[in-house]
Structures are given as C-alpha cells and as structure tokens.
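Trainee: Okay, predicted coordinates and the sequence, questions at the end:
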Amino acid sequence: MAWPLKTIIQRFAFLALVSLAVALLFIGKANIAAVERLRMATTDILAPVLTTISEPVSAFHNAVAKVRSLASLIEENERLREENARLLKWQAAGRALEQENENFRQLLNALSDPLVLPITARVVGDSGGPFVRTLLLNAGQREGVRLGQAVVAPLGLIGRIAAVGDRSARVLLITDINSRIPVVLEKSRHKGILVGDNSAVPLLEFLPSTATVAPGDRVVTSGDGGMLPAGRPIGFVSSVDKREIRVQPYADWSRLEYVSVLRYDLPGMSSPEENPGDLGESRLDAK
C-alpha cells in the first residue's frame, strides 16, 4: 500500500506546490496586511532557530580564521627570524668595516668632516613655476639658517638655501635652472655637476670622457667646494643617451611637508659680516 501512495504523492506534489504558490499570490494581493503578519510571525518563530544554528557555524568560521592567523604568524615569525639573522651578519660586517675605516683614518691622520646639525623646518610655501622652483620654510636666521646650507628630505638632498630672513628662508631646488650641485657617482666615483633645467629630472654634466654610466647608478654629493656635506644621496641615473644623462631624484616633491637644513659651515667659508638675506634676495631678483 505504501508504494501506490508514494507514486500518487510524486505525481501530484508539483501540482500541489504550484497551486499553493498561486493561492499565496492571490492571498497576498487580496490582503497584504495579513500576509505581512504571517511573514513576521514566521520570522519570529524561525529567528531563534536560525540564531541557534548560526552559532556553531560562526564558531567554526572563527576557529578557521584563528588557525589561518596562527599559520600566518608562524610563517611571519620564521621570515623575521631569517631576516634578523641576515641583519646580524650585516651588522657584524658593518662594525668590522667601521673599525677598519677608523684604523685607516688614524694611520693616515685624516681630518673628519665637521659635525652636521640639522634644523627641522616646515614647508609653508611653494613658488614653483616655469622659471623658478623654490620652497619657503618657516625657519630663518633666528634658528641658525644660513645662506648656501643644504636642505634634505627624508630620502635625499632637495636643494640649498638661496635667501634667508629672520624667521623664514627660501630653498632653491635642485631641479631649478639656476641650480648647480657637485656630485659623484657612488659606484665608479666619477665626479660631475648636477644641472637643473626646470624639469623633474635634472641633467648630469661635466663627467670625464672615460666615465661609464648606466641607468640605476646612485648619485650622491661629492662635497667639492666645502659648502655641502659629502655622501648625501640625491637620486639615481634614470636615462642615458648620447646627448644627455638624466637623474631621477629620490625626493617626492608633492609630499614635502618637513625638511632639514644642514648646518655645515667650514671655517672661512662664510663671513659673519655678510648679510645672507640681502645676498639671497639679490640672487633671486637676478633670475
């Protein structure tokens, strides 16, 4: 008897479901409020059941997330251990080279560079244009800023002090057409001049004819003339062709908020009687 009953249910189940759906549709059209009450009552009944069912699922998902986090932490810990081991090797090598360098300095009786003390200043103005590329700082003579001092950003040199007031100073950027910076290629030690041309990538000129330059070579200050400290990073060679060599500065000009003015004064290079503010203003006016 069960077999014919099962056959009858299978034959008429689809028709019964379609009829029930049509009936619910008509009931919903006829009395929307009643259907809504029925729906809310059903939801109220099923909500605790769904909440109870969802708790184990949420606990399972949280457990899986914790296991994945633990696996990630184990992997990161292993990576940090390897990195720490490499850094310890470099630290030992650096200390050995530092001691060796100090020994050579003592044997050669070499004079060390003067102490470079930075003055942190905020960029309060930008007068960049097609002919002049400068920045205005909120530090001046009262803070120890002097004409010609180097100005650096976190990643490298950006320019030199061109004009100084009591509470402000103007920076001539290395990209300005009036900028000339003595530099050296860090790898080959060939010296040249970084020449600004009002573009984002200044020119590298006056290199020896035998100099070999390749894209990616680091460019740093040479310290020639005694006005800038040696070894300060500027950028890297971005392009080389037969006519010109371009250098991409490390500084991000669009994000300059705070810079450091380097107090680097060699004896005899600056005169206390000179008014650096007037001199700097006259240079800017001459441009």
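Mentor: Received the coordinates, thanks. Residues are numbered from 1 along each chain as shown.
Trainee: Mind splitting the protein into its structural domains?
Mentor: 18-110, 117-286 (automatic domain parsing).
Trainee: Ok, which of the ones you listed comes nearest residue 9?
Mentor: Nearest of these to residue 9, taken as Cβ to Cβ: domain 18-110 at 14.4 Å. For glycine as for every other residue, the C-beta is placed from the backbone atoms N, C-alpha and C.
Trainee: per-residue pLDDT, residue 255?
Mentor: Note for residue 255: predicted pLDDT of 84.
Trainee: what's the most buried one of the domains of the chain?
Mentor: Most buried of those by mean neighbour count (mean count of other Cβ atoms under 10 Å) is domain 117-286; its value is a mean of 17.
Trainee: on that earlier part again, figure out which of the domains of the chain is closest to residue 11.
Mentor: Across those, residue 11 has its closest neighbour in domain 18-110 (13.1 Å, Cβ to Cβ).
Trainee: Could you pull up phi and psi at the residue lying closest to residue 257 once chain neighbours are set aside?
Mentor: Leaving out its chain neighbours, the residue that sits closest to residue 257 by Cβ to Cβ, 6 or more residues apart in numbering is residue 123, at 5.9 Å. Dihedral pair for residue 123: phi -80, psi 120, per degrees, to the nearest 10.
Trainee: Low-confidence regions, the stretch 151-287 of the chain specifically.
Mentor: Across the stretch 151-287 of the chain, the ranges flagged by pLDDT under 70 are 265-287.
Trainee: where do the helices sit along the stretch 151-287 of the chain?
Mentor: Using DSSP state H, counting those that start in this stretch, the helices found in the stretch 151-287 of the chain span residues 276-286.
Trainee: residue boundaries of the strands in it?
Mentor: Assigned by DSSP state E, counting those that start in this stretch, the strands in the stretch 151-287 of the chain fall at 156-164, 169-173, 180-185, 191-195, 203-205, 218-221, 233-240, 245-249, 258-263.
Trainee: My read is that the residue nearest to residue 257 contacts residue 151, right?
Mentor: No: using Cβ atoms under 8 Å, residue 123 is not in contact with residue 151, being 9.9 Å away.
Trainee: what about stretch 148-155, start to end distance?
Mentor: In stretch 148-155, first residue to last residue: 20 Å (Cα to Cα, to the nearest Å).
Trainee: can you redo the domains of the chain as CSV with distance to residue 9?
Mentor: Converted to CSV, the domains of the chain look like this (distance: least, Cβ to Cβ, whole Å):
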stretch, distance to residue 9
domain 18-110, 14
domain 117-286, 73
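Trainee: do you know which of the ones you listed lies nearest residue 12?
Mentor: For the domains of the chain, proximity to residue 12 was assessed by Cβ to Cβ; domain 18-110 is nearest, at 9.6 Å.
Trainee: wait, doesn't residue 264 sit right on residue 151?
Mentor: No: look at residue 264 against residue 151 with Cβ under 8 Å: they stay out of range, at 11.1 Å.
Trainee: Reformat the strands of the stretch 151-287 of the chain as a markdown table; add distance to residue 42.
Mentor: Below are the strands of the stretch 151-287 of the chain laid out as a markdown table (distance: least, Cβ to Cβ, whole Å):
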| stretch | distance to residue 42 |
| --- | --- |
| strand 156-164 | 69 |
| strand 169-173 | 72 |
| strand 180-185 | 79 |
| strand 191-195 | 77 |
| strand 203-205 | 78 |
| strand 218-221 | 72 |
| strand 233-240 | 69 |
| strand 245-249 | 67 |
| strand 258-263 | 63 |
